[in-house]
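In: Kindly generate the corresponding structure for this input.
(chains A and B, ligands or ions: 1)
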Amino acid sequence: MILTRRQTLLTGAAAFAAATLPARAARPEYRLHPQEIASGVWLFEGATESFDPKNGGAICNIVMLASHEGAIVIDTGGTARQGAALRAFADQRLGGVAASLNTHHHPDHWFGNQAFADRPIHALPRTRRAQSEDAQVLADGLYRILGSWMNGTTPRPASQDAVAGEMTIGGRELEILALSGHSQADLVVQDRQTGTLIAGDLLFLNRAPSFPDADIPTWASAITTIAQIPASGYVPGHGPYHRDSRAMGQTQHYLSAMDARLRGAANNGLTRIEAMAAGPMPDYAHLGANPQEYQRSVIQRWREYELRALPILGQAG
Amino acid sequence: MGSTLTYLLPGGQVGLAEFRGNAAVPESARTDPFDSGMWPDHRRDFLDDPQDWRHDPALLVLTPPNAEDPGHVPVLVDATALDGPVDRIVVSIDYSPLPKVLVFHPLRALPFLGFGVKYEIGSPLRASVRMADGSWRMGASFVDAAGGGCTAPAAAHSRPDWQQDLGQMRGRIWPAFGRLRLTLRHPMDTGLADGISAHHLTELTLADDAGPIARLEIFEPVEEDPGLTFLLPKGMTGPVRISARDNLGYQFNAEVSA
Ligand SMILES: [Zn+2]
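Out: You can find the predicted model right below:
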């Protein structure tokens, strides 16, 4: 018996998950609560949880900057319908859409691109490549988790290469930084007019960082780079807007604590599942999306730590 | 009390208790907490239909709640807290195109095994322990999965030179905990991926000068580049010889000391 992904969804999921599926509203709707955090800077704050039918995948922060050609949309949400809801706000309140940017290739940040595809969508070249390569797998996973919230979602990779440096759209001046570490390509935007720094997933606040493509040392040095930029306030990829160094500190500490925990586990001979079952570092157990995010991180990163802990063996004599 | 080392990580014992708190508890020792249609068949086919079997809460079967990576789902079976010597442990996955995972003969080692499996769909994983007196003790844990574990080609095939390190082993002994951890480079092809025939380990043995220490019969659902954790007899620091073979006749040998 060979099962395809789709058959798997129909048979496996139905057989075991039917009794435990949470009740869903007949027509799931996204309710937006935009906040103007600085002059012409609108924040749509995501839930500090994992993907879940309860939040419809609306888990990352989305920012719109007002310009005289319409909104500059930074990240577009996790589903076509979330994208459409965001687009409606831009059309009604900000005079349409000038352009969009995707900070990186994780699906919560760009699966709403469809609603913005009539205008340029910018992303770093490696992000665009990852969007094309991974879209199907990411979409399969999200259909499974989010169900009808995902209806009509066809991932649309960004259409333009974003370039580090100054970028002016509709008279609004932006500074674009091309960093990496959370993913292979992480785009950071600073709004010149207000000094607001939109950090994408290089910063998390009160929500456990996610590690599917993380390189911890590179990520840590990206945060050091961000810390050297004077800013009036920070929008992390996940978590509340704030004006101080909280997210930089918390994300840096989480990265080093995670690194130490996995290194300690591998060096003491723990198995992967023991490292996972032990749960997150006690100081971070209360963060949003934990312990689930910690558990995922162990699976995603374990091999690297194990390779360093285990020497290559010689032939048996 | 079992042999897990979660207590070595800060907060690890509390974490483990909460993690196990999600496990299904059978209504009685002879009922299946997952009410799975395949379990009676597998009991007949893989265990010779034993009459004397029951669930035993002292048998620890740890799995993640879902298969974040369906090609590498980590499992720990710890039967060290069962009362009496263990003859063998049979691991199976109820709903899998390849339900039989491995048979572990602890011999002189302790009845404890860490390993990884491939998952195709959500299913219970079973550890069936045959005690020396012939009775069976059961433990199970459910893993949700979205497919692709058994039917995807091995990652090895994305590298043209993958055969160069075929069989390369890494390993280490921790005498303080009696643990031996080893990994072995192998594609573990199930034969279910398009255009790739089955190529998987079939057997792995640990031995020293006194003879075999433990033996594993290995089947297709064991993960690519398997990682295995054993508990050696008390005080053993090696050298331990590891020998493995696969279905194409390749032999792999290595040696590890503390
Ligand atoms: Zn991300």
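In: Right, and the ion sits closest to which residue of chain B?
Out: Closest residue of chain B to the ion, Cβ to the ion: B:E68 (15.2 Å). Every residue, glycine included, has its C-beta placed from N, CA and C.
In: residues near the residue of the stretch 1-150 of chain A found nearest the ion, how many?
Out: Nearest residue of the stretch 1-150 of chain A to the ion: A:H106, at 3.4 Å (Cβ to the ion). When neighbours are defined as other Cβ atoms under 10 Å in any protein chain shown, A:H106 has 25 of them.
In: and what of the one 4 residues further on?
Out: A:W110 is flanked by 31 other residues according to other Cβ under 10 Å.
In: Hmm, it is touching A:T153, no?
Out: No: the pair A:W110 / A:T153 is not scored as a contact, 10.9 Å apart, by Cβ atoms under 8 Å.
In: who touches both of the two?
Out: The overlap between the contact sets of A:W110 and A:T153 (Cβ atoms under 8 Å, 6 or more residues apart in numbering or on different chains) is empty.
In: is it true that B:A198 touches B:T190?
Out: Yes: assessed by Cβ under 8 Å, B:A198 is found in contact with B:T190 at 6.3 Å.
In: out of those two, which sits in the busier spot?
Out: Neighbours per residue, other Cβ under 10 Å: of B:A198 and B:T190, the larger number sits with B:T190, 27 against 15.
In: Stretch B:86-99 and chain A in contact?
Out: Yes: interface with chain A: stretch B:86-99 contributes B:95, B:97 (Cβ under 8 Å from any Cβ of the partner chain).
In: end to end, how far does that stretch reach?
Out: This stretch, stretch B:86-99, spans 22 Å end to end (Cα to Cα, to the nearest Å).
In: circling back to that earlier point, residues in contact with the residue of the stretch 1-150 of chain A closest to the ion?
Out: A:60, A:138, A:183, A:201, A:210, A:212-213.
In: who in the stretch 151-300 of chain A is up against the ion?
Out: A:D201 (Cβ under 5 Å from the ion).
In: hmm, try it at 8 Å
Out: A:182-183, A:200-201, A:210, A:212-213, A:237 (Cβ under 8 Å from the ion).
In: Which one of those is nearest to chain B?
Out: A:P212 (8.9 Å; Cβ to the nearest Cβ).
In: For B:P26, see how far away the closest one is.
Out: 35 Å (Cβ to Cβ, to the nearest Å).
In: cool, B:G116 as well?
Out: Distance, B:G116 to B:P26, using Cβ to Cβ: 26 Å.
In: Counting residues, what is the longest strand that chain A contains?
Out: When chain A is scanned for its longest strand (criterion: DSSP state E), the result is strand A:172-179.
In: what does that one contact?
Out: Here strand A:172-179 makes contact (Cβ under 8 Å, 6+ apart) with A:40, A:65-67, A:72, A:124, A:162-168, A:185-193, A:202, A:222, A:225-226.
In: Provide the strand pairings for it, with the direction of each partner.
Out: As defined by DSSP bridges, the strand partners of strand A:172-179 come to strand A:165-169 (antiparallel), strand A:186-191 (antiparallel).
In: Tabulate these (JSON lines), appending mean neighbour count and mean pLDDT.
Out: Listed next are those as JSON lines, based on neighbours: other Cβ atoms under 10 Å in any protein chain shown; pLDDT from 0 to 100:
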{"stretch": "strand A:165-169", "mean neighbour count": "13", "mean pLDDT": "97"}
{"stretch": "strand A:186-191", "mean neighbour count": "24", "mean pLDDT": "98"}
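In: Look at the residue in the stretch 201-317 of chain A that chain B sits nearest to and tell me its secondary structure.
Out: Going by Cβ to the nearest Cβ, chain B is nearest to A:G279 of the stretch 201-317 of chain A, at 2.7 Å. Per DSSP: H, G, I helix; E, B strand; the rest coil, the local secondary structure of A:G279 is coil.
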